[in-house]
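Student: heads up, no residue letters with this:
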């Protein structure tokens, strides 16, 4: 705290501010020769200096020319000058400074050659960070405004082109790195801009105004807080709390992401905040894949085309005796391959909760599996082995081309099609085809297996 | 950039507008340029606590006045019942609101019109 207060109240030449006594030592050059004007407290004072370091000093000895200015005694002036017997100084107390005004503008920029000497130095890292932050911020505000005005055909690559061109030409005037400014975009939107022409008009007008203002100080008495008020009012348009309540009503997960983004950007700044938000939303996608259900299917009675649907969703659906059908509803990749494999194994080894019939076959419905990765190869061959050991048949229904390709280029398809040492095709178009084929299959005599109940055999011989 | 979903965009836009608005408070309350410019709310609040006793009264009330003016202009432009030939003539206030506020505030008091502009603004640019 004291650090900033010290920065605030000190004039150049005085290195200390005494927050306890609320006295700022203001340096007045003409008072150096007048020791009676100095802050003559002989007691050492401990306080912080500019850098925030604690230091003890004796005001008289260490600060010749530093005249104490107590806040209560400071004159309240519109022009921030304080008249002392030793000269006129800036009033160090901001509360007494009146209204900060804009003052004069600098001169318009002139062309200059960019300094390439700094490119390889420490500027390079900063440049990369600035590029990332600038493009992130520009695209974020562009996307926000596109969403607000329902322009679904917004193309972020156009933003990059604009930023690149603007920064390229800006470098020839020694300009600040250009990016899509949040507050200026909000202001532009607030006054009703609808097309890029508004930016051209703004650029043209700003150019003229800067040229005029550098000659005639037309904005000299413009208070800075009027400019702030304009920005603040424009930004109220971008406060999108309504969207949060809308999300809370219709999608709790997205409302959580909204809140996380809001807090992260608020407390960690723009770039880290957006990074956190993107990581959280991607992590949620991963978690959803991880927790994706692979429901057990059953035959829904009464359907004209035999439909196998989730037992949880359709309580009237019935298990096919002796056959366990699973539909996998996510890509089978490294973080859920083991879970899927153990689920398939559990269908055989686990306690068969409802039926006393011994499981004879497993049918895996791949309709909802968009792709698989190498973890699937290991997991699926494990499943094949353990099912083979248990003398359980496995059939695959409706794999898409990605999954089928993976099966074909690996030994999996061969292993699948030569179960029980009988060459056959165990990849089917639909679940009902697979269930029929599994029911028709007679394992060779040499394969020892548990005897089947009569009703199971009846049900299987459709 | 498609990694940023609508929820992320909306949350970011709300938080960023809060931060930028808070960052403008330094000018609104007349802290001048000594106030740190940060986009982190904790730094902004810390600064506000540090400096709260030293805001400029004049800047504070005038700042709120400008905000009120702008909101009134905005409200005027949105009134649906006022119509001349199918258009709301008060939209003029909404669109030119910022310009009007700028002009109003850049007006020099009569007592100062004869006051020559200082040659150097170094002492005035706080």
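Tutor: Ah, there it is. Everything numeric here is computed off the predicted structure, so don't read it as measured data. Numbers count the residues shown, from 1 in each chain, chains lettered A, B, ... in the order given.
Student: Point me to the residue of chain A nearest chain B.
Tutor: Taking Cβ to the nearest Cβ as the measure, the point where chain A comes nearest chain B is residue A:261, at 3.1 Å. For glycine as for every other residue, the C-beta is placed from the backbone atoms N, C-alpha and C.
Student: Could you grab the helix/strand/coil label for that residue?
Tutor: At residue A:261, secondary structure determined by DSSP: H, G, I helix; E, B strand; the rest coil is helix.
Student: wait, doesn't it sit right on residue A:274?
Tutor: Yes. Counting by Cβ atoms under 8 Å, residue A:261 sits close enough to residue A:274 to count as a contact (7.5 Å).
Student: Between the two, which contacts overlap?
Tutor: Counting by Cβ atoms under 8 Å, 6 or more residues apart in numbering or on different chains, the common neighbours of residue A:261 and residue A:274 are B:8, B:12.
Student: hmm, back to that, need phi/psi at the spatially closest residue to the residue of chain A closest to chain B that is not a sequence neighbour.
Tutor: Using Cβ to Cβ, 6 or more residues apart in numbering or on different chains and skipping residues adjacent in sequence, the residue nearest residue A:261 is residue B:11, 3.1 Å away. Comment: the main-chain dihedrals of residue B:11 come out as phi -60, psi -40, following degrees, to the nearest 10.
Student: what pLDDT does residue B:11 get?
Tutor: Confidence per residue is given as pLDDT, and for residue B:11 that number is 89.
Student: tell me the contacts of it?
Tutor: Residues near residue B:11 by Cβ under 8 Å, 6+ apart: A:240, A:244, A:257, A:258, A:259, A:260, A:261, A:262, A:265, A:277.
Student: ok, how many other residues are close to the third one?
Tutor: Residues within reach of residue A:257, counting by other Cβ atoms under 10 Å in any protein chain shown, total 23.
Student: What lies in contact with the helix or strand hosting it?
Tutor: The secondary structure element spanning residue A:257 is helix A:252-268 (assigned by DSSP states H and E). Helix A:252-268 has contacts (Cβ under 8 Å, 6+ apart) with A:243-244, A:247-248, A:272-274, A:276-277, A:280-281, A:284, B:5-8, B:10-12, B:14-16, B:18-19, B:40-42.
Student: Now residue A:336. Nearest residue, chain neighbours left out?
Tutor: The shortest distance from residue A:336 to any non-neighbouring residue, by Cβ to Cβ, 6+ apart, is to residue A:290 (5.3 Å).
Student: In contact with that neighbour, which residues?
Tutor: Taking Cβ under 8 Å, 6+ apart as the definition of contact, the neighbours of residue A:290 are A:335, A:336, A:339.
Student: Just the pLDDT for the last one.
Tutor: I take that to be residue A:339. 86.
Student: measure it to residue A:293 for me?
Tutor: 11 Å (Cβ to Cβ, to the nearest Å).
Student: Provide a list of residue ranges in chain B with pLDDT below threshold.
Tutor: By pLDDT under 70, the low-scoring segments of chain B are B:1-2, B:30-39, B:44, B:47-57, B:86, B:95, B:102-126.
Student: hey, where'd the helices end up in it?
Tutor: When secondary structure is read from DSSP state H, chain B shows helices at B:6-28, B:41-51, B:57-78, B:91-106, B:110-113.
Student: Ranking these by mean neighbour count, which comes first?
Tutor: Most buried of the helices of chain B, by mean neighbour count (mean count of other Cβ atoms under 10 Å in any protein chain shown): helix B:6-28, with a mean of 24.
Student: Could you check the angle that helix makes with helix B:57-78?
Tutor: Between the axis of helix B:6-28 and that of helix B:57-78 there is an angle of 140 degrees, by axes from the mean of the first three to the mean of the last three Cα atoms, to 10 degrees.
Student: returning to that earlier point: going by neighbour count, list what's buried in the helix or strand that the helix holding residue A:257 is followed by.
Tutor: Beyond helix A:252-268 in the direction of the C-terminus, DSSP H and E gives the next helix or strand as helix A:270-290. Of all the residues in helix A:270-290, those buried under the rule 16 or more other Cβ atoms under 10 Å in any protein chain shown are A:270, A:271, A:273, A:274, A:276, A:277, A:278, A:281, A:284.
Student: So is whichever helix in chain A runs longest next to chain B?
Tutor: Scanning chain A for the helix with the most residues, using DSSP H, yields helix A:123-148. Yes. Contact between helix A:123-148 and chain B, assessed by Cβ under 8 Å from any Cβ of the partner chain, occurs at A:139, A:140, A:141, A:143, A:144, A:147.
Student: State the number of residues packed around the last one.
Tutor: Here the count is done by other Cβ under 10 Å, and residue A:147 has 17 residues near it.
Student: On the pLDDT front, check it for me.
Tutor: Reading off the per-residue confidence, residue A:147 sits at a pLDDT of 80.
Student: Distance check, it against residue B:68.
Tutor: According to Cβ to Cβ, residue A:147 and residue B:68 sit 30 Å apart.
Student: try residue B:42
Tutor: Distance of residue B:42 to residue B:68, computed by Cβ to Cβ: 29 Å.
Student: and what of residue A:441?
Tutor: Relative to residue B:68, residue A:441 is positioned 83 Å away (criterion: Cβ to Cβ).
Student: One more: residue A:247?
Tutor: Distance of residue A:247 to residue B:68, computed by Cβ to Cβ: 32 Å.
Student: Which positions within the longest helix of chain A qualify as buried?
Tutor: Buried residues in helix A:123-148, counted by 16+ other Cβ under 10 Å: A:133-148.
Student: Likewise for stretch A:412-422?
Tutor: Residues A:412, A:413, A:415, A:416, A:419 are the ones in stretch A:412-422 that count as buried (16+ other Cβ under 10 Å).
Student: want to throw those residues into CSV with secondary structure and pLDDT?
Tutor: Compiled in CSV, those are given as follows (DSSP: H, G, I helix; E, B strand; the rest coil; pLDDT from 0 to 100):
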residue, secondary structure, pLDDT
A:412, helix, 88
A:413, helix, 88
A:415, helix, 87
A:416, helix, 87
A:419, helix, 83
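Student: Now those residues in JSON lines, please, with extra columns for distance to residue A:37.
Tutor: Compiled in JSON lines, those are given as follows (distance: Cβ to Cβ, whole Å):
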{"residue": "A:412", "distance to residue A:37": "94"}
{"residue": "A:413", "distance to residue A:37": "97"}
{"residue": "A:415", "distance to residue A:37": "98"}
{"residue": "A:416", "distance to residue A:37": "98"}
{"residue": "A:419", "distance to residue A:37": "103"}
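Student: what subset of these is also close to chain B?
Tutor: On the criterion Cβ under 8 Å from any Cβ, none of the entries of those sits beside chain B.
Student: circling back to that earlier point, as a whole number, average confidence for the helix holding residue A:257?
Tutor: The pLDDT scores in helix A:252-268 average 90.
Student: That helix: which residues count as buried?
Tutor: Residues of helix A:252-268 classed as buried by neighbour count (16+ other Cβ under 10 Å): A:254-258, A:260-268.
Student: tell me the angle that helix makes with helix A:270-290.
Tutor: Between the direction of helix A:252-268 and that of helix A:270-290, the angle (the same axes, to 10 degrees) works out to 150 degrees.
Student: Could you check the angle helix A:252-268 makes with helix A:123-148?
Tutor: Between the direction of helix A:252-268 and that of helix A:123-148, the angle (the same axes, to 10 degrees) works out to 140 degrees.
Student: how about residue A:232, what does it touch?
Tutor: If a contact means Cβ under 8 Å, 6+ apart, then residue A:232 has B:21, B:24, B:28, B:67 as its contacts.
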